[in-house]
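# this one's structure only:
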């Protein structure tokens with residue numbers, strides 16, 4: 001970020017901070033706790049004022065690819081609403097995912113995050129599928145998600161649906177340990193102007209502007225732009241690391257209710273950013289080096305969706321998008337394009353029987369970043385995946401017992417044909433009680449790195465230079481998961497909600513690096529290589545418990561907790577890139593308190609158990625105060641990581657593993673029109 005821009009942001013921060021102080025002083029003179037026994041009606045977005053019973057009936061779509069009540073969903077699903085993000089004071093999507101039970105979220109540095117569920121969490125989160133409005137943002141190059149460029153404006157997020165456990169039957173390959181489905185608001189719900197900014201000591205700066213309008217009564221649109229700059233992490237000594245992140249993005253969305261039966265959506269976005277980091281590179285003469293890297297990331301997408309209600313019993317959805325990305329860093333750079341076309345049809349035979357089926361074609365082409373030592377064979381590759389799925393939903397006992405069965409069938413250019421079946425059952429003995437069971441099979445396809453790479457990684461002897469060389473195997477089979485799950489939900493009126501899930505995951509054909517093979521001579525640059533090839537090494541298992549409890553002792557106060565217990569083991573000899581580095585015990589506590597009708601006081605505590613021989617326990621305490629919208633203005637002030645000056649959350653393989661500093665973040669938001677627009681999310 002240029003110096004003039006930084007000074008402008010700082011001035012905005014200082015002016016906003018003074019405004020906040022004056023506002024709170026004025027508020028304190030005119031509003032006191034308990035001033036009125038009558039609370040104002042809850043807004044659509046203010047879910048702290050909605051009963052837990054209504055929250056359990058919130059509609060979700062990720063578990064069955066159709067709208068259903070959260071309490072009846074046949075999976076371990078958790079929903080983060082836009083209001084949850086606001087009340088939590090979060091600055092990014094990964095940070096907001098910390099509150100999900102069963103999720104391991106750790107910040108590695110300013111722009112790298114670990115986000116995983118049920119084990120195998122590291123930089124290569126290759127068993128977690130992430131979507132934004134149905135668009136897959138998982139990269140097949142290394143398997144995982146670059147969270148620094150998957151950064152939708154938080155003000156525009158309607159909800160995030162998180163499934164822990166396999167979702168391959170509906171979402172396809174790589175939805176092995178979970179699915180994160182980020183759903184943004186329709187343009188009908190973002191009418192008027194919005195401007196928001198945040199500035200934080202030891203965190204960074206962000207700004208977001210948006211305008212939404214309408215043409216006639218059926219066509220709505222929004223235009224938006226964002227700009228973020230995140231400060232570096234630090235070393236154990238307190239010295240700053242070379243890891244900053246700056247990104248700007250802009251986009252448009254159109255929603256058209258063409259008729260009573262037809263809805264069309266268009267979404268387009270472009271972004272450009274720059275990351276700084278210390279990356280492990282390789283020099284055959286001296287061995288592995290850590291060198292500064294200043295690289296560009298840019299890309300964008302276009303997306304279109306058509307929904308047509310054929311009748312009260314029949315509905316069709318058509319989705320198409322193209323996504324392109326350019327990432328120039330030497331460790332995991334890529335120049336990739338992805339285009340996907342999907343068709344889905346839902347039909348209800350009777351009130352008790354329904355079929356959902358669909359098909360898709362996804363094609364992706366990629367040219368990786370190569371140098372003298374990192375090479376791919378072939379240097380350019382295009383892969384196409386053809387898939388079809390069908391799922392049958394049958395209510396065996398009306399309003400009591402429901403059974404869902406289906407499978408997805410895919411053909412791709414790596415292992416070829418794949419199938420991913422599942423059987424789920426939901427039993428509702430009473431309105432407030434729900435129990436569910438599931439048996440599933442899911443697969444993770446090999447990545448481009450595992451299949452095609454050739455790169456030296458470790459110097460064994462300097463004279464003559466002898467190195468370990470990692471080589472891909474184009475004949476790798478997909479990793480396979482067989483999962484067994486059980487869950488129970490209980491919701492009691494406006495007071496209590498309980499959600500618990502148990503699971504056992506058995507893995508086969510896990511990919512890792514095998515023992516070295518016969519040596520070879522590389523002429524340019526000269527070195528003797530000992531090849532270490534990727535291979536399907538064997539199996540492993542994880543099992544555990546995930547519990548979520550939410551309690552509202554009084555109308556103004558809600559507390560919740562998530563508890564995660566994870567056990568298991570991976571195959572002996574599995575490489576660090578694939579092995580599980582997740583904590584065995586996790587805990588998060590959330591407190592949401594309405595001090596007055598207009599002021600909220602919120603707090604959170606996160607605990608991760610120590611990782612043997614790697615990291616001590618992680619404790620994090622956040623406390624913040626915020627206001628509800630008054631004349632369009634919303635303020636918040638958050639103190640994060642209060643427990644210590646700095647702490648480290650995870651170990652890195654190739655990027656810096658920095659320590660996260662204590663920070664104070666001020667956020668200011670103005671909106672000309674509240675989120676009361678009617679329309680589909």
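Good, I have the coordinates. For clarity, every value in this text was computed on a predicted model and none was experimentally measured.
# Now for residue 200: which residues touch it?
With contact set as C-beta atoms under 8 Å, 6 or more residues apart in numbering, residue 200 has these partners: 91, 663, 664, 665, 666. Every residue, glycine included, has its C-beta placed from N, CA and C.
# let's see 6 Å
Residues near residue 200 by C-beta atoms under 6 Å, 6 or more residues apart in numbering: 663, 665.
# got it, and residue 624?
Residue 624 neighbours (C-beta under 6 Å, 6+ apart): 89, 602, 636, 638.
# Please, which helix or strand holds it?
Per DSSP states H and E, residue 624 falls inside strand 618-627.
# Going toward the C-terminus from that strand, what's the next helix or strand?
As assigned by DSSP H and E, the chain's next helix or strand after strand 618-627 is strand 633-640.
# Mind checking what secondary structure the residue lying closest to residue 614 once chain neighbours are set aside has?
Leaving aside its chain neighbours, residue 614 sits nearest to residue 651 (5.2 Å; criterion: C-beta to C-beta, 6 or more residues apart in numbering). For residue 651, the assignment made with DSSP: H, G, I helix; E, B strand; the rest coil gives coil.
# Tell me how many other residues crowd residue 651.
Per other C-beta atoms under 10 Å, the neighbour tally for residue 651 reads 17.
# now swap in residue 217 and tell me
That count, for residue 217 with other C-beta under 10 Å as the rule, works out to 7.
# can you pull out the helices in the stretch 351-500 of the chain?
Counting by DSSP state H, counting those that start in this stretch, the stretch 351-500 of the chain has helices at residues 448-452.
# The strand ranked longest in the chain - what's its average pLDDT?
Ranked by residue count, the top strand of the chain under DSSP state E comes out as strand 527-554. Strand 527-554 shows a mean pLDDT of 91.
# that older thread, sheet-wise, list the partners of the strand holding residue 624 with their directions.
In the sheet, strand 618-627 lines up against strand 599-608 (antiparallel), strand 633-640 (antiparallel) (DSSP bridges).
# nearest to residue 175, of those?
Counting by C-beta to C-beta, residue 175 lies closest to strand 599-608 out of the strands paired with strand 618-627; the figure is 24.5 Å.
# Could you give the bridge partners of residue 544?
Taking DSSP bridges as the rule, residue 544 bridges to residue 503, residue 566.
# could the contacts of residue 624 go into CSV alongside distance to residue 256, pLDDT and neighbour count?
Shown next, in CSV, are the contacts of residue 624 (distance: C-beta to C-beta, whole Å; pLDDT from 0 to 100; neighbours: other C-beta atoms under 10 Å):
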residue, distance to residue 256, pLDDT, neighbour count
89, 35, 88, 24
602, 38, 96, 22
636, 35, 95, 20
638, 38, 95, 23
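# Does residue 534 touch residue 450 like I think?
Yes. Residue 534 lies in contact with residue 450 (C-beta atoms under 6 Å); the separation is 4.5 Å.
# Phi first, then psi, for residue 188.
phi -70, psi -20 (degrees, to the nearest 10).
# what about it, neighbour count?
Residue 188, neighbours per other C-beta under 10 Å, totals 20.
# Columns distance to residue 98 on top of the strands paired with strand 618-627, output as TSV?
Putting those into TSV (distance: least, C-beta to C-beta, whole Å) gives the following:
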stretch	distance to residue 98
strand 599-608	6
strand 633-640	11
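# and of these, who's closest to residue 459?
Using C-beta to C-beta, the nearest of the strands paired with strand 618-627 to residue 459 is strand 599-608, at 33.8 Å.
# Compute the first-to-last residue distance for stretch 233-245.
Distance between the boundary residues of stretch 233-245 (C-alpha to C-alpha, to the nearest Å) amounts to 11 Å.
# Give me the buried positions along it.
233, 234, 241, 242, 243, 244, 245 (16 or more other C-beta atoms under 10 Å).
# thinking the fifth one is in contact with residue 110, fair?
This means residue 243. Yes. With contacts counted by C-beta under 6 Å, residue 243 reaches residue 110, the gap being 4.6 Å.
# who touches both of the two?
Counting by C-beta under 6 Å, 6+ apart, the common neighbours of residue 243 and residue 110 are 232, 233.
# Taking the buried residues of stretch 233-245, tell me the two that lie furthest apart.
234 and 245 (14.9 Å).
# still on that earlier bit, spit out the residues that contact residue 534 and residue 450 alike.
Common neighbours of residue 534 and residue 450 (C-beta under 6 Å, 6+ apart) are 472, 511.
# Which parts of the stretch 101-250 of the chain are strands?
With strands called from DSSP state E, counting those that start in this stretch, the stretch 101-250 of the chain shows them at 103-107, 113-117, 128-132, 135-136, 157-164, 178-184, 192-201, 204-215, 219-230, 245-256.
# Direction included, what does the fourth one pair against?
Each strand paired with strand 135-136, and its direction, by DSSP bridges: strand 128-132 (antiparallel).
# contact partners of the partner strand?
Residues contacting strand 128-132 (C-beta under 6 Å, 6+ apart): 116, 137-138, 145, 171, 174-175, 177-182.
# picking that back up, buried set for the longest strand of the chain?
Per 16+ other C-beta under 10 Å, strand 527-554 contains these buried residues: 527-530, 532-537, 539-544, 546-550, 552.
# got the contact list for residue 150?
Neighbours of residue 150 in contact, by C-beta under 6 Å, 6+ apart: residue 137.
# what's the pLDDT at it?
pLDDT for residue 150: 88.
# Ok, the one 3 residues further on next?
Here, the pLDDT recorded for residue 153 equals 93.
# Excluding chain neighbours, what is closest to it?
residue 208 is the one closest to residue 153 (C-beta to C-beta, 6+ apart), at 5.0 Å.
# What's opposite that neighbour in the beta bridge?
Bridge pairing for residue 208 (DSSP bridges) gives the partners residue 196, residue 226.
# Could you do residue 250 as well?
When bridges are taken as DSSP bridges, the partners of residue 250 come out as residue 225, residue 270.
# quick one: it and residue 559, what's the gap?
39 Å (C-beta to C-beta, to the nearest Å).
# if we can go back for a sec, now the contacts of strand 128-132 as TSV including neighbour count?
Shown next, in TSV, are those (neighbours: other C-beta atoms under 10 Å):
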residue	neighbour count
116	24
137	20
138	21
145	21
171	22
174	26
175	30
177	30
178	25
179	26
180	28
181	23
182	22
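# can I get the residues you listed in a markdown table with pLDDT?
Shown next, in a markdown table, are the contacts of strand 128-132 (pLDDT from 0 to 100):
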| residue | pLDDT |
| --- | --- |
| 116 | 90 |
| 137 | 94 |
| 138 | 93 |
| 145 | 90 |
| 171 | 93 |
| 174 | 94 |
| 175 | 94 |
| 177 | 93 |
| 178 | 93 |
| 179 | 95 |
| 180 | 95 |
| 181 | 95 |
| 182 | 96 |
